[in-house]
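**Q** have a look at this prediction, sequence included:
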Amino acid sequence: MENRVIVAGAGIWGCTLARILAEAGYRVEVLEKRPVIGGNVRCETDPETGIEVHVYGSHIFHTHIPEVWEFVNRFVRFNGYQHKVLARHGGKTYFLPLGLALINQFFGVELTPGEVAGFMAEESHRTAIFDAFFRNYTSKQWGKAPEEIDPSIIRRVPVRATYDVNYFNDYHQGIPESGYNSLFERLLAHENIEIKTNCAFELPPGGKLDCPVFYSGPIDALFGFKFGPLPWRTLRFETEKLDVADAQGTSVVNYVDSDVPYTRQHEYKHYHPELKAVMEFPKTIVCREYSTAWQPGDEPYYPVNNEESAALLAKYEALAGEIPNLTVGGRLGQYRYFDMDKSIEAALAAAKNFLEKNQ
Ligand code: UDP
C-alpha cells in the first residue's frame with residue numbers, strides 16, 4: 001500500500017480524516033495555510049478574563065449522530081451547554097426558535113400546543129412572524145430578500161409547538177471543556193501525523209499527485225480560479241471588552257430589525273457556565289457580527305447557493321474528478337454550509353471509503 005497521504009487544510013474535516021488515516025497506519029502530512037490549525041472553529045483565550053473568544057464567530061457543537069458524538073468524545077469532554085438564541089425586535093426580547101414562547105409573547109395569546117398549527121395556518125399570522133423575525137435579519141445576512149435565497153437556509157431554524165427554547169433539535173450538545181483548540185490539537189496528536197503550518201497546498205504542474213491528497217481548501221483556488229471565483233458572504237466582527245460581568249445575560253442575541261446594522265451580538269463567556277471565575281470576572285467580551293458581500297481576498301464564510309454558483313461549482317468539481325488520488329471535502333472544498341457534526345460525518349465516510357478501497 002502507498003503509505004503516505006497529504007491532508008491539505010486543518011479544519012474539522014481535515015483533522016478528522018488525518019486522525020483516522022493515522023490510526024490506520026498511514027503517514028499523514030497535514031498542510032495548513034494559516035499559522036494555526038482549527039479552521040474557522042479556532043478560538044483565542046483572552047489572557048485577562050480567561051474568556052474563550054470564537055475568532056470566526058460562535059461555534060456550538062450539536063449532533064444527533066451517535067458515531068460522531070462517540071468520536072469527538074474520545075478527544076474532549078463537553079460541558080453540557082445547551083444553545084438558546086434570543087431575538088431583539090421592536091425593543092423587546094423573544095426566545096427563538098419559532099415556538100410557543102415566541103408566538104404567545106408576540107401575539108399576546110396563550111395558545112396550547114394543540115392550538116399552534118391552527119393558529120399558524122392563518123396567513124396573516126405567518127406573515128406577521130416572518131416579517132418581524134426573518135425578513136430583515138435575512139436581508140442583513142444575505143444582502144437579498146428572503147424570497148431570493150435558497151429556502152433550505154431558513155429551514156435551518158426549527159419550528160415547534162412546545163415551550164422548548166433550545167435552538168437546536170440535536171440531543172447531544174456542548175462546548176469542549178478544555179476549549180475548541182484542544183480538540184484539534186488532540187486530533188492531530190498522533191505519532192503518524194506531521195503538521196506543517198504556513199504551508200498552502202498547490203496542485204503540481206499537470207495535476208499529477210504522487211500520493212493521495214485530501215483537500216479542504218477552496219475548490220476554485222485549487223484551480224487558480226480558472227472559471228472565476230465562487231461567490232461567498234463574508235463576516236466582519238466588532239469585538240469589545242466591557243467593564244461589566246455580564247452584558248446581555250446570554251450567549252447570542254439576534255437583532256432582527258433593520259435599524260440595527262449588525263445581525264447578532266455574541267457574549268462568549270456564556271458558553272462556559274462551568275467556569276465560575278470567568279463568569280464572575282467583572283469584565284466581559286461581546287462581539288457584534290456584520291454580514292457583507294464577499295470580494296476576492298476576503299475570508300469566505302457562507303456559500304451563496306444559487307443556480308449560477310451551482311453551475312460554476314459543477315465545472316470545478318468536474319476538474320477535480322479528473323485528478324486521480326484527489327478527494328475534495330469540507331465547507332470550502334464542497335462549497336457547502338456544514339454544521340461541525342456533518343463535516344465530521346463526511347470525513348469519517350471519506351476515510352472509510354478510502355480505507356476500503358486501499359486495503
Ligand atoms: N434567520 C432569521 N432570523 C433569525 C435567525 C435566522 O431570519 O433570527 C434566517 C436567516 O436567513 C439565517 C437562517 O435563518 O441565515 C439560518 O439561521 P441560523 O441561525 O441557522 O444561521 P447561522 O447561525 O448558521 O448563521
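**A** Yes, it's here.
**Q** up against the ligand, what does this structure have?
**A** Proximity of the chain to the ligand, by Cβ under 6 Å from any ligand atom, involves residues 87, 96, 133-134, 137-138, 141, 153-154, 156-157, 254, 256. The way it works is simple: take the backbone N, C-alpha and C, and place the C-beta from them, glycine included.
**Q** what's the average pLDDT for the longest helix seen in the chain?
**A** In the chain, with assignment by DSSP state H, the single longest helix is helix 340-357. In this model, helix 340-357 carries a mean pLDDT of 98.
**Q** one more: stretch 264-272?
**A** On average, stretch 264-272 scores 98.
**Q** pull the residues that contact that stretch.
**A** Contacts with stretch 264-272, where a contact means Cβ atoms under 8 Å, 6 or more residues apart in numbering, come from 49, 51-54, 57-58, 60, 79, 81, 175, 177, 246-255, 275, 278-279, 281, 284-289.
**Q** wait, a strand at residue 290?
**A** Yes - using DSSP: H, G, I helix; E, B strand; the rest coil, the secondary structure at residue 290 is a strand.
**Q** contacting residues for it?
**A** Residue 290 sits in contact with 235, 236, 237, 238, 261, 262, 263, where contact means Cβ under 8 Å, 6+ apart.
**Q** would CSV of these with neighbour count be doable?
**A** Shown next, in CSV, are these (neighbours: other Cβ atoms under 10 Å):
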residue, neighbour count
235, 21
236, 12
237, 15
238, 12
261, 11
262, 17
263, 19
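**Q** just give the number of residues close to residue 107.
**A** By other Cβ atoms under 10 Å, 13 other residues sit near residue 107.
**Q** oh, I was asking about residue 255
**A** So residue 255, with other Cβ under 10 Å, has 20 neighbours.
**Q** which residue packs closest to it, ignoring adjacent ones?
**A** Distances taken as Cβ to Cβ, 6 or more residues apart in numbering place residue 88 nearest to residue 255, at 5.2 Å, with adjacent residues excluded.
**Q** touching, that neighbour and residue 262? I think so.
**A** No - using Cβ atoms under 8 Å, residue 88 is not in contact with residue 262, being 10.9 Å away.
**Q** what touches both of those two?
**A** The contact sets of residue 88 and residue 262 overlap at residue 255 (Cβ under 8 Å, 6+ apart).
**Q** okay, strands next: where are they in the stretch 101-250 of the chain?
**A** 172-174, 193-196, 213-215, 232-242 (DSSP state E, counting those that start in this stretch).
**Q** give me the contact list for the third one.
**A** Applying Cβ under 8 Å, 6+ apart, the set of residues contacting strand 213-215 from outside is 5-9, 14, 17, 201, 222, 325-329, 333, 350.
**Q** emit the PyMOL select command for whichever of those residues are buried.
**A** Of the contacts of strand 213-215, the buried ones go into a single PyMOL selection, burial set by 16 or more other Cβ atoms under 10 Å:
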select buried, resi 5+6+7+8+9+14+17+201+222+326+327+328+329+333+350
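**Q** in strands, which of the contacts of strand 213-215 appear?
**A** Among these, the residues falling in strands (DSSP state E) are 5, 6, 7, 8, 326, 327, 328.
**Q** as JSON lines, the residues you listed with pLDDT would be great.
**A** Formatted as JSON lines, the ones in strands among the contacts of strand 213-215 follow (pLDDT from 0 to 100):
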{"residue": "5", "pLDDT": "98"}
{"residue": "6", "pLDDT": "98"}
{"residue": "7", "pLDDT": "98"}
{"residue": "8", "pLDDT": "98"}
{"residue": "326", "pLDDT": "97"}
{"residue": "327", "pLDDT": "98"}
{"residue": "328", "pLDDT": "98"}
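**Q** what's the mean pLDDT across stretch 30-41?
**A** Averaging pLDDT along stretch 30-41 gives 98.
**Q** need the contact partners of it.
**A** 6-12, 14-15, 18, 42, 54-57, 59, 180-181, 183-185, 188, 193-201, 216-217, 301, 330-331, 340.
**Q** which parts of the helix or strand harbouring residue 308 are buried?
**A** Assigned by DSSP states H and E, residue 308 falls within helix 307-321. Judged by neighbour count (16+ other Cβ under 10 Å), helix 307-321 contains these buried residues: 309, 312, 313, 316, 319, 320.
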